[in-house]
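Predicted coordinates and the sequence they were generated for:
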Amino acid sequence: MADRVERSKKNIIWSFAGKIVNILLPFVTQTCLIYILGVQYVGLNGLFTSVLTILSLTELGIGSALVFSMYRPIAEGDDVKVCALLAFYRKCYHIIGCVILTVGLILLPFIRHLISGDVPDDVNVYILYAIYLLNTVLSYFLFAYKMSLLNACQMVDVISKVDILTNIAKCVLQVAGLLLISSYYMFVWVIPLTTVMRNIGVEIWTRRKYPNYYCQGKLLYSEIYQIFEKIKGLFFQRIGDVVLFSVDNIVVSAFLGLTVLGQYNTYLYVHTALVGLVSVITMSIVPVIGNSVALEEKEKNYQNFRQFNILWLCIVSWCTICELCLIQPFIQLWAGRNVLLGNGTAALFALYFYANKHGDMSWVYKSARGIWKEGRYVPIVSSVVNLSMNLLTVRWIGLGGILLSTILSLFFINIPFGGRVLFHVYFNYRYAWREYLLTHIKHFILTAVIGLSLYWICMKIPLEGIWCLAVRGVLCAIVPIPILWFVYHEDERMQGTGRLVRRLLHK
């Protein structure tokens, strides 16, 4: 038991460290990219990453299903079953790599049509796309299945350490290439190079640590069927996530051009960094809540959910207000005035954050309970609506229309109906979903009032540069929290949240 606790601590610490590194290092490389080559190159990077993310849909969620399937045989010491699962996983990933390579090469002649307007004179988009495609394909052919073994063995800290080392190497090589020869080709070639380093590093470590696990044997048909049953629920979720968060880059590039896409990705980097930081909280509490769901009564878990949800909404509100008030002076200080978007578009990024994260507590409980299959059509419907609205609104409103389409899809489809699955399948209280929706509507209104009022005050501050960012930062740090406390401190759902959080941290 003590070993498992220590292992969990290491996993959380190194996962958090990896998250911080993954936020800071891209900040360095993107800064160099903007100042040395220009914002168009940021757009190219975002476009090719999104195209390959969509192609990676062929992965189907097999990785997650295989990790889940290995828990029991590893715990029971069934090495024969683990080896058979690894052999099956390797075969699947080799097939996936071949499919991605084939489809990617078919798309190669059409890649220029995904870019509106000019392309930098010193690059060939077909060669660049081929390098990004090579990076994706290599990741599937070079020992990717060993990642599942480390996850199943609860060795997440090892993956984080390897990621940190390879990301540092990638950052150093990319920055050196930009500073010494100002070559975007050098910048891009580093990506597959470090992918090879990462996968080979994991292979060497797993071979030494687990010499008894290797690719050998075959699974029974019934076992393969069970794996694909797990994949069904995950696949729909993957489609929803990819379309909702990756297609936007392609639509921006195809209709508005690389310069606007570069600006969009600069703001998106800040947004994604904030999402990554708060996601550490939700990812860390899934195992603890899973334990509670397994051991405690449903009524007890429902009361805990209500407390966690209101506390989480306050955290999301504070982060949203900070993004609303700070993103413009931060972008101006970091990337310069020529990268700035309009204030209205910048405000939509804050609304995008709120729409994206305010329903996360229902996701945490669904993950802990294993509820995926029942709500599998929600992300599909949301994706179709989002893509349709993207194609319509980008012609009339431009970049703001693309953001607004995603926000509306999240607000009116993902969050309410995704949350309804939890109450219908697990809590099963007639009034619970209605209370959940009313809580979120009231809290959104409260967040809008606090945020817009503080934003109006910040706009009246006659400062620029670092002083503007500092003063606004102080206001965002001290103003929203006491207001939220004043509104909720007598709410029965807030009572006992301190004890709940302390118990969670202890676990």
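It's in.

which residues in the stretch 101-250 of the chain form helices?
Applying DSSP state H, counting those that start in this stretch to the stretch 101-250 of the chain gives helices spanning 125-141, 145-152, 156-181, 184-209, 221-256.

Wait, I34 touches V42, no?
Yes. Counting by CB atoms under 8 Å, I34 touches V42, with 6.2 Å between them. (Each C-beta comes from the backbone N, C-alpha and C, glycine too.)

Quick one: residues contacting the nearest residue to I168 once chain neighbours are set aside.
Of all residues not flanking I168 in the chain, L25 sits nearest, at 6.8 Å (CB to CB, 6 or more residues apart in numbering). L25 makes contact with 167-168, 170-171, according to CB atoms under 8 Å, 6 or more residues apart in numbering.

low pLDDT regions in the stretch 351-500 of the chain?
Filtered on pLDDT under 70, the stretch 351-500 of the chain yields the residue ranges 370, 372-373, 430, 495-500.

Same check on the stretch 1-150 of the chain?
Ranges of the stretch 1-150 of the chain meeting pLDDT under 70: 1-9, 11-12, 57-61, 63-65, 68.

ok, now the stretch 151-300 of the chain?
In the stretch 151-300 of the chain, residues with pLDDT under 70: 230, 232-234, 284, 286-288, 290-291, 294.

quick one, domains of this structure?
The chain is divided into the following domains under automatic domain parsing: 41-219, 258-507.

which one of the ones you listed lies closest to F236?
domain 258-507 (3.8 Å; CB to CB).

how far does the closest one sit from the chain's center?
Domain 258-507 sits 13 Å away from the centroid of its parent chain (CA atoms, centre = their mean, to the nearest Å).

Okay, and S317 sits in which element?
For S317, the host element (DSSP states H and E) is helix 298-335.

and what of C98?
Applying DSSP H and E, one finds C98 within helix 79-107.

That helix versus helix 184-209: what angle between them?
170 degrees (axes from the mean of the first three to the mean of the last three CA atoms, to 10 degrees).

between I34 and V42, who's got more neighbours?
The neighbour count for I34 versus V42, taken as other CB atoms under 10 Å, is higher for V42 (26 against 20).

Please list all residues in contact with that one.
30, 33-34, 261-262, 265-266.

Name the member of the residues you listed with the most neighbours.
L261 leads these on contacts (other CB under 10 Å) with 31 neighbours.

Format the CA atom coordinates belonging to stretch 331-340 as PDB.
C-alpha atoms of stretch 331-340 as PDB (Å, rounded to 0.1, in the frame of the first residue of the first chain):
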ATOM      1  CA  ILE A 331       0.100  39.300 -26.100                       C
ATOM      2  CA  GLN A 332       1.200  42.900 -26.800                       C
ATOM      3  CA  LEU A 333       4.200  42.600 -24.300                       C
ATOM      4  CA  TRP A 334       5.100  39.100 -25.600                       C
ATOM      5  CA  ALA A 335       4.500  39.100 -29.300                       C
ATOM      6  CA  GLY A 336       4.100  42.800 -30.200                       C
ATOM      7  CA  ARG A 337       1.300  45.000 -31.500                       C
ATOM      8  CA  ASN A 338       1.200  43.500 -35.000                       C
ATOM      9  CA  VAL A 339       0.000  40.200 -33.500                       C
ATOM     10  CA  LEU A 340      -2.900  41.700 -31.600                       C
END
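
Give me the common contacts of I34 and V42.
What both I34 and V42 touch, as defined by CB under 8 Å, 6+ apart, is the set 262, 266.

picking up where we left off before, pick the most buried one from the helices of the stretch 101-250 of the chain.
helix 145-152 (a mean of 22; mean count of other CB atoms under 10 Å).

the inter-axis angle of it versus helix 156-181?
Going by the same axes, to 10 degrees, helix 145-152 makes 130 degrees with helix 156-181.

Remind me what helix 145-152 packs against, helices and strands.
helix 62-76, helix 79-107, helix 156-181, helix 184-209 (3 or more CB pairs under 8 Å, 6 or more residues apart in numbering; DSSP states H and E).

ok now it, how far from the chain's centre?
20 Å.

still on that earlier bit, okay, buried residues for the helix or strand harbouring the residue nearest to I168 please.
Assigned by DSSP H and E, L25 belongs to helix 2-36. Buried residues in helix 2-36, counted by 16 or more other CB atoms under 10 Å: 8, 10-12, 14-15, 18-19, 21-23, 25-26, 29-30, 32-34, 36.

Tell me which helix or strand comes right after it.
That would be, after helix 2-36 and using DSSP H and E, helix 39-55.

Quick one: distance of that next one to the chain centre.
16 Å.

could you check the angle helix 184-209 makes with that helix?
40 degrees.

List the buried residues of helix 39-55.
For helix 39-55, burial by neighbour count (16+ other CB under 10 Å) applies to 39-55.

Could you do stretch 104-121 as well?
104, 107, 111, 114-115, 119.

What distance do you get for L438 to A273?
To A273, L438 is 32 Å away according to CB to CB, to the nearest Å.

same thing with L193?
Applying CB to CB to L193 and A273 gives a distance of 25 Å.

Could you do R369 as well?
Taking CB to CB, one finds R369 at 30 Å from A273.

do the same with Q237
23 Å.

Please apply the same query to N414.
For N414, the distance to A273 - CB to CB - is 22 Å.

And V39, by the same measure?
Taking CB to CB, one finds V39 at 18 Å from A273.

do the same with Y365
From Y365 to A273 the distance is 26 Å (CB to CB).

ok, now M283?
On the measure of CB to CB, M283 and A273 end up 16 Å apart.

and what of C322?
For C322, the distance to A273 - CB to CB - is 12 Å.

Equivalent analysis for K442, please.
With distances taken as CB to CB, K442 is found 29 Å from A273.
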